[in-house]
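In: What follows is a predicted structure for the sequence shown.
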Amino acid sequence: VCDRHTVMTSLSDVSVTFGGVITVKARVVFVHPFCLFSIIQYNPAELEDEFDVSDLKLTENDVFVGDEVEFVGLSMRQTLIFSLGKVESVEALNSESSQARTPSFIPMNQEIFSTSCIGTDPNGFSGPGVFFSREKPNTVV
C-alpha cells in the first residue's frame with residue numbers, strides 16, 4: 001500500500017527499494033480514484049536472503065469507535081512515525097453531486113474515520129502512512 005502521489009496511475013513501471021539496498025520490480029494492482037492510495041505487488045522471493053517480509057492483508061471488517069489501531073508512516077520531514085491510538089469517530093463520506101457537474105467518479109458507501117494517534121510528529125503534522133489493526137497483525141484497516 002502506498003500513497004497515490006508515489007504511484008499515480010496503473011500505467012507505470014514500479015520498483016520498490018528496501019533499506020536503500022535492494023530494488024525489486026513491482027506491478028500496480030489497484031489505484032483508488034478518490035482516496036489517494038494505490039496497492040502494488042512485488043515478488044517477496046526476491047528478498048528472501050536479505051530481508052524478512054510478510055504479506056499484508058486488507059481487513060474485511062468494519063471499523064468502529066474504540067477500535068485500537070497502529071499508524072506507521074512518514075512525518076513531513078520524511079522521518080518514520082509509529083503511534084498507537086483509538087478510532088474516535090466513524091462517518092459516512094459525503095460527496096456532493098450536482099446535475100450540472102461534469103460526469104465523473106462519485107464514491108458511494110464509503111466511510112472515513114479519525115483517530116487519536118495522528119499528529120505524533122513533533123511539529124504536529126504527519127504525512128502518508130497506513131493504519132493497522134491491533135487485534136490482527138499485518139492487517140491494514
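Out: Alright, I've got the coordinates.

In: measure the closest residue to Leu80 other than its chain neighbours to Ser10 for me?
Out: Closest residue in space to Leu80, ignoring its immediate chain neighbours: Leu74 at 6.7 Å, by C-beta to C-beta, 6 or more residues apart in numbering. All C-beta atoms are positioned from the backbone trio N, CA, C, and that covers glycine. Applying C-beta to C-beta, to the nearest Å, the value for Leu74 to Ser10 is 23 Å.

In: Check what pLDDT Gly119 gets.
Out: We have a pLDDT of 51 for Gly119.

In: Could you list the low-pLDDT ranges of the chain?
Out: Counting by pLDDT under 70, the chain has low-confidence residues at 94-108, 117-127.

In: Could you break it into its assigned domains?
Out: As assigned by automatic domain parsing, the chain contains the domains 2-47, 57-140.

In: Now render these as a markdown table, adding mean neighbour count.
Out: Shown next, in a markdown table, are these (neighbours: other C-beta atoms under 10 Å):
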| stretch | mean neighbour count |
| --- | --- |
| domain 2-47 | 13 |
| domain 57-140 | 13 |
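
In: Strands along this structure, start to end?
Out: Remark: strands assigned in the chain by DSSP state E are 2-3, 14-18, 22-31, 37-42, 57-58, 68-75, 80-92, 111-115, 126-133, 139-140.

In: Any idea which of the ones you listed gets closest to Glu50?
Out: Closest to Glu50 of these is strand 22-31 (C-beta to C-beta; 5.5 Å).

In: Report all helices and strands that the closest one contacts.
Out: Contacts defined by 3 or more C-beta pairs under 8 Å, 6 or more residues apart in numbering; DSSP states H and E place strand 22-31 against strand 14-18, strand 37-42.

In: Out of the strands of the chain, which is closest to Asp49?
Out: strand 22-31 (9.3 Å).

In: got the angle for the closest one vs strand 37-42?
Out: For strand 22-31 against strand 37-42, the angle by axes from the mean of the first three to the mean of the last three C-alpha atoms, to 10 degrees is 130 degrees.
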